[in-house]
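Chemist: quick one, what's the 3D model for this:
(3 chains)
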Amino acid sequence: MSIDIDKCTGCGACMVACAVENNVPPAPEGVNERKGITWIRVFRLDNGAEGVDRKWAFLPMLCQQCGENTPCVSVCPQQAVQLDPATGIVGQMPERCLGCRYCMAACPYHARYFNWWDPSWPAGMEKTLNPAVAPRMRGVVEKCNFCHGRWHAAKARAAAQGRRDLDPADYVPACVEACPTSAIRFGDLNDLENAPERGSFRLLEKLGTGPKIYYQTQRDWVREIAAAPGGTERAHG
Amino acid sequence: MSHRGTLFFLAGALIALGAGWAGFPRVIYRSRPQPVEFSHKVHAEKAGMKCEDCHEIRADGSFAGIPRREKCAGCHEAAMGTTLAEKQFIDGYVTPQREVQWSVYARQPENVYFSHASHVKLAHLECATCHGDHGTSDSLRPYQEDRISGYSRDIWRAMKMNDCVACHRSHGFEKSCLDCHK
Amino acid sequence: MKATRRDLFKFAAGGATGLLLTPAPWRLVTDAALWSENWPGIPKPVRGELRTRFTHCALCPAGCAVKARCVGDQPISLIGLPGKPLCAFGLMGHQLPYHAGRVRQADADAVRAVIAKRAANETVAVLDLRPGRTASWTYRRAMAALPRGVYLAARSSVPAVNLDAVKIILSLGVPVLDGWGTPSNVQQARSHFRLIQAEPAESRTALLADQWLKIRPGTELELVEALATGRGGAGTGLNEKVIASVANELVQAGALFLAAEESPSVLELNRKLGAVGKTIVAQREAPVPRSWKPAPVTPINSVPERSIGVLLIDESAADSYVPWSKLEGKLAPDALVVTFASSQAGYGRQAKHLLPTAVYPESTGDIPPAIDSPLATFRLTTPLVAPPRGVVNPAQFIGGLAAIDAADALRERAGAIHAAGRGSVCTYADGRSIPVEDIQPDQFWKALNDGACWIDEPGGKLLPPVLRASTPAVVALNWEKRAARGPMPPLVSKLYQESNLRVRI
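Modeler: Residues are numbered from 1 along each chain as shown, chains lettered A, B, ... in the order given. Sure thing, here's the model as predicted:
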């Protein structure tokens, strides 16, 4: 996945599309941004100036699907997190999850979320749930899995046509589909045409976790904040 | 003396075995008959139908499951035979346009993803591999629901996760949890 | 043989051992785990055949085309068409019917009787917060038929903006990048216009504008004056040089001046810039049946004080609102205010009666042409879910007061459009565009209902807008203001509460 920070307008379409697709319930009364569940979350960054000189940027943050020494996989006592060797997607198994939240502490990107409450939808809204994704229960951790339900559906569609392999167009996550400015793009990193663009960087690359999300920006101050360790702490989000 | 002790031990064990094997299933499973009597055998033999004639895989790869009333009504708009079951079905469901509330023996838990398309179209499995002789049975057995978990008893008979894993493992398809979970 | 204590223990030990060899304990352990997964209250999503349906989003006047993925008949997610994405709010539109503050019950018959009684000898006024719909025409017909009917539109004249010709926009608090025009259109045009946003608050548009003029609250007109005359403007809190440089920039061709509030000086400035007739043109409406005899649009300011006996407000689709203080003075002392809304958040606080309405995507109606569409369009929003019992259709209710049957108004209008024979219809399912002349009226109507848009043919002169700068203090709603005044889908918590991407006002 590649995200062009300069194209992101912070509209929030990806966050909403993600919650709709993955049956993430609306937050109960009184829940703040620390206990909410937002598999993809757009942070606001600013250049630190005041008034009209202040410049803003929006940085969509989701599970970076770390491919090397994946922190959440290595700390999970339940083997409830798994790096899929075929797709490279880091999968979370809510049924196995114990709720210890080691993985949340281990994740350098704060991209994991805990179900502090029973999932609940306003009366009638449960009819709008996506049957391709199972709702999670209270007391487990969940996170972005690149819309695994869509991957399943794409595989089934291909199988119905007798194909084993997927075309790139068969499967895109909901955030990519919803992004009105095409700031988020998606493809198989093994394909040559999806090789990361020159000048793209990864968040906290020096930790050596091999994240699979590549960011681009032309703005130096954004790069400075986003690429620097602890950079997201200056974010307003 | 020790002989006598063994006797008591065995008596206890036997009673427990009896209770566990015979009594427990009666207690833990709630049994209910299917709303309509249906014979797969009659449909397969007399009407010469195949499984996929009714249980189709849609073009998008999803599985339609038990056919809905319209599908049945396609043939059974009026009675084709003389059986009581057919008459009851037509009077109770087709004519008043009511949907049959079937209980699905093989309904997996919500977090399970299973693609009939992959298994049937790519792996060329027979329906009977997992569903056993269901397709040739003459009557529908009662649906047994676990009182605690709410799941069908049948998925513990032949469609447990262990069964899936064993088959996948033997064919080298065991890759990731999320292959089968959602 | 007499059983001893020791025998009893042996019996129990045997029982325990035997039990371990049965499925019972293992089953119970597994069941307990499964039970915790199926905690009561965790819903099971409904399975079924996935279908695709099309409609138009009625949340804002952009009226984007919507592709709904449905399980059976129930939409589970919405998405725009390729190249025409939906905004964040449009994406969760299908959940709007389930918002918490929804009003469902009211005694519509009793309210109808009270209104009918008073309508005989008092002034009845309809305030339309989204003019230009077929429902608006029904209100105008009804008001023409009543002895003392007045039709008030929130905005007296809605001009259209020709974004293709725009090179620079000075926006005075207009949410240009946040719920103003068609998102895809604005997005495309964004690369060739410069946006200067003059606004006291650091709004979303101000964040993303090329230049943000942070003016003091309430000094909007002073800024306009300063830009027009080249003098003054100290009260806005802006540097003189900044005002001068903006004024200089505006002189170039393709400049456009947008203001959240209509006023004579705004109009005058646009005339001076040469924007009128080029970048700002008259909004064109789709043809209407000749038999429809509408009441004129009365500007709110020209309504005599304390004259309205019955005020009916259609809030079911609101794009702007008139502050209550402006309306209050026009009401007779014992005036009856009835609002048609789905929640109490808007005029419900002031109204005597609130009649619940269907919300998108339960409602049936049309959406007026988007502000950035110089061509006339006709787009239906068709129900994706059935409305709950007890909701009132405002157009049919108000039409009924004047014995006008509005149930088929949309179809009649589609007939008139077809009879005019202009333009073409784009169907979304196959992406084709067919000239109206080539299809039958029934096909045209069916296509519109299945997801299609009628677009007038280009050509003809772009007419200058008929600007009546006479309804000040009408407030255009950006998403923050919409969230404050009307229902929002429950998942907005992701944007406002679970992150602070957006901030509630």
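Chemist: show me the contacts for C:Pro369.
Modeler: Contacts for C:Pro369 (C-beta atoms under 8 Å, 6 or more residues apart in numbering or on different chains) come out as C:Gly132, C:Ala160, C:Gln283, C:Arg284, C:Glu285, C:Ala286, C:Leu375, C:Ala376, C:Thr377. The C-beta positions use only the backbone N, C-alpha and C, and glycine is treated the same way.
Chemist: any idea how many residues pack against the residue in chain A that chain B sits nearest to?
Modeler: Closest residue of chain A to chain B, C-beta to the nearest C-beta: A:Ala156 (3.1 Å). For A:Ala156, the count of nearby residues is 23 (other C-beta atoms under 10 Å in any protein chain shown).
Chemist: element containing it, please.
Modeler: Under the criterion of DSSP states H and E, A:Ala156 resides in helix A:148-160.
Chemist: near chain B, anything from the next helix-or-strand element following that helix?
Modeler: As assigned by DSSP H and E, the chain's next helix or strand after helix A:148-160 is helix A:174-178. No - using C-beta under 8 Å from any C-beta of the partner chain, helix A:174-178 stays clear of chain B, coming no nearer than 14.4 Å.
Chemist: next, the buried residues of helix A:174-178.
Modeler: Within helix A:174-178, the residues that count as buried by 16 or more other C-beta atoms under 10 Å in any protein chain shown are A:Ala174, A:Cys175, A:Val176, A:Glu177, A:Ala178.
Chemist: which residues of chain A lie near chain B?
Modeler: Close to chain B, as judged by C-beta under 8 Å from any C-beta, chain A has residues A:82, A:84-87, A:89, A:91, A:93-96, A:132-135, A:145, A:148-149, A:152-153, A:155-162, A:164.
Chemist: the helix ranked longest in chain B: what's the following helix or strand?
Modeler: Of all segments of type helix in chain B, defined using DSSP state H, the longest is helix B:2-18. For helix B:2-18, the following helix or strand on the C-terminal side (DSSP H and E) is helix B:24-28.
Chemist: so which of the residues of chain A next to chain B reach chain C?
Modeler: A:Glu95, A:Val133, A:Ala134, A:Pro135.
Chemist: what's the most distant pair in these?
Modeler: A:Glu95 and A:Val133 (13.6 Å; C-beta to C-beta).
Chemist: neighbour count winner among these two?
Modeler: Using other C-beta under 10 Å as the criterion, A:Glu95 and A:Val133 rank with A:Val133 on top: 22 against 19.
Chemist: gap between that one and C:Pro43?
Modeler: 12 Å (C-beta to C-beta, to the nearest Å).
Chemist: which residues touch the host helix or strand of C:Arg379?
Modeler: Using DSSP H and E, the element containing C:Arg379 is strand C:377-381. Outside of strand C:377-381, the residues within contact range by C-beta under 8 Å, 6+ apart are C:55-58, C:63, C:65, C:286, C:360-361, C:363-367, C:369-370, C:410, C:413-414, C:417, C:448-449, C:453-456.
Chemist: if you set the cut-off to 6 Å instead, what comes out?
Modeler: Residues from elsewhere that reach strand C:377-381 (C-beta atoms under 6 Å, 6 or more residues apart in numbering or on different chains): C:55-56, C:58, C:63, C:286, C:365-367, C:369, C:417, C:448, C:453-455.
Chemist: follow-up on the earlier one: give me the buried subset of the residues of chain A next to chain B.
Modeler: A:82, A:84, A:87, A:89, A:91, A:93-95, A:132-135, A:145, A:148-149, A:152-153, A:155-160.
Chemist: one step back: which pLDDT value belongs to the residue of chain A closest to chain B?
Modeler: With respect to pLDDT, A:Ala156 scores 92.
Chemist: make CSV out of the ones next to chain C among the residues of chain A next to chain B and add secondary structure and pLDDT.
Modeler: As requested, those are exported to CSV (DSSP: H, G, I helix; E, B strand; the rest coil; pLDDT from 0 to 100):
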residue, secondary structure, pLDDT
A:Glu95, coil, 87
A:Val133, coil, 93
A:Ala134, coil, 92
A:Pro135, coil, 92
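Chemist: need these in a markdown table with distance to C:Leu127, can you?
Modeler: Shown next, in a markdown table, are these (distance: C-beta to C-beta, whole Å):
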| residue | distance to C:Leu127 |
| --- | --- |
| A:Glu95 | 54 |
| A:Val133 | 43 |
| A:Ala134 | 47 |
| A:Pro135 | 43 |
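Chemist: much appreciated, bye for now.
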